[in-house]
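> Only the shape, not the letters, is given here:
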């Protein structure tokens, strides 16, 4: 399987990288902590002008028609700068869910209106899943799409009870949501609702994994810079073998995780019925490297790595927050475990990154549906 990105994909990523590096700095993130909203309206307007909120909508709806593989590059860029706003969630979770709903002929004209308003920057939407009930900046959303049982509901934000929750990361404005699953808000239920929720879970896990990959890059870059600049006894601390080994371990794990996340993105986009184990593998690989990067970055910086003046703690706190989002480590290990124990599990190098990895025996489809129902 070829994971080489096209020139167009890389150009869009580089353009977004340039904007985010200029607009999302440590100083501006700290300023968000002191503001009432924690939100940068100016940055949102610039992202809108770039078409970020139209990326995942097909051209038939007025969008750019990009796919999950494209979005992974952009999610990594957002993670790399520790972007507080839920841009990745809107792009990779909410937008594809709205497309799924329209493709299935669900809802009514209000869904199309929400899509139009979202691409025009006139409204915001957030998505909640039973495994992930705390939403970032939910209070700033106009609409909430939420799951309850095997049902998917679309509610205006004033129909939901919002309770603020504190996060380890002060950049995040978490809210716990509660709502009554009334029929007038229901878009889908039963097998269709379960399938939509399963797709939401996999996209959420993939979006989180991609951000963790970007955060790991951020932390290792800061550590390499600091280890080269900081001197002790007349020599850079990075000259010590012990420091080199720490940073090299992170760099190696980073390269191991990258193709796993790319494979998960490809699978979510082209073979969603086989996405469960691929996404769980990606989330675990990204969690491992990001947690290691946070630990070693603070170790390389010493005690100052914990201080609020050091940018390392900004990225480390985001890592700690995202590790448990969209499924903790035990949940994703269990999904991989269930997949491997199937009688017809496709195990071997020819099924890992080859074309045959996207083929699924018909006898396994029922097992996939059963797993989706038991892991909502």
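Everything's here; your move. This structure is a prediction, so every number in the text was calculated from the model and none was measured.
> For the stretch 201-350 of the chain, give me the ranges with low pLDDT.
Low-confidence segments of the stretch 201-350 of the chain (pLDDT under 70): 231, 233-234, 237-239, 241, 349-350.
> Strands of that one, start to end?
Ranges of strands within the stretch 201-350 of the chain are 231-232, 235-236, based on DSSP state E, counting those that start in this stretch.
> So which of these is nearest residue 46?
strand 235-236 (37.5 Å; C-beta to C-beta). Glycine gets a C-beta too; all of them are placed from N, C-alpha and C.
> hang on, the earlier thing: most tightly packed of the strands of the stretch 201-350 of the chain?
A comparison of those by mean neighbour count, using mean count of other C-beta atoms under 10 Å, puts strand 235-236 on top with a mean of 12.
> can you give me phi and psi for residue 186?
Main-chain dihedrals, residue 186, degrees, to the nearest 10: phi -80, psi 130.
> Name the single longest helix found in the protein.
Taking DSSP state H as the criterion, the chain has its longest helix at helix 190-229.
> Return the set of buried residues in it.
For helix 190-229, burial by neighbour count (16 or more other C-beta atoms under 10 Å) applies to 192-220, 222-224, 226-227.
> And stretch 315-331, by the same measure?
Residues 315, 316, 317, 318, 319, 321, 322, 323, 325, 326, 327, 331 are the ones in stretch 315-331 that count as buried (16+ other C-beta under 10 Å).
> distance between the ends of it?
The first and last residues of stretch 315-331 sit 24 Å apart, counting by C-alpha to C-alpha, to the nearest Å.
> cool, stretch 166-175 as well?
8 Å.
> Which parts of the chain are helices?
Assigned by DSSP H, the chain shows helices spanning 7-23, 26-34, 41-50, 68-80, 87-89, 95-103, 109-120, 190-229, 241-270, 275-301, 311-322, 329-340, 349-352, 362-374.
> would you turn those helices into CSV with distance to residue 153?
What follows is those, written out as CSV (distance: least, C-beta to C-beta, whole Å):
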stretch, distance to residue 153
helix 7-23, 32
helix 26-34, 30
helix 41-50, 26
helix 68-80, 24
helix 87-89, 18
helix 95-103, 11
helix 109-120, 12
helix 190-229, 9
helix 241-270, 23
helix 275-301, 23
helix 311-322, 25
helix 329-340, 23
helix 349-352, 37
helix 362-374, 18
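> Please name whichever of those helices is nearest to residue 130.
Smallest distance to residue 130 across the helices of the chain (C-beta to C-beta): 7.6 Å, for helix 190-229.
> So which bits of stretch 98-114 are buried?
The neighbour-count check on stretch 98-114 (16+ other C-beta under 10 Å) flags 98, 99, 100, 101, 102, 106, 107, 111, 114 as buried.
> and which of those is nearest to residue 41?
residue 114 (20.5 Å).
> how about the nearest residue to that closest one once chain neighbours are set aside, what does it touch?
Ranked by C-beta to C-beta, 6 or more residues apart in numbering and with sequence neighbours excluded, the top spatial neighbour of residue 114 is residue 143, at 6.0 Å. Applying C-beta atoms under 8 Å, 6 or more residues apart in numbering, we find residue 143 in contact with 114, 123, 124, 125, 126, 154, 155, 156, 157.
> make it 10 Å
Applying C-beta atoms under 10 Å, 6 or more residues apart in numbering to residue 143 gives the contacts 94, 98, 110-111, 114, 117-118, 123-127, 154-157, 159-160.
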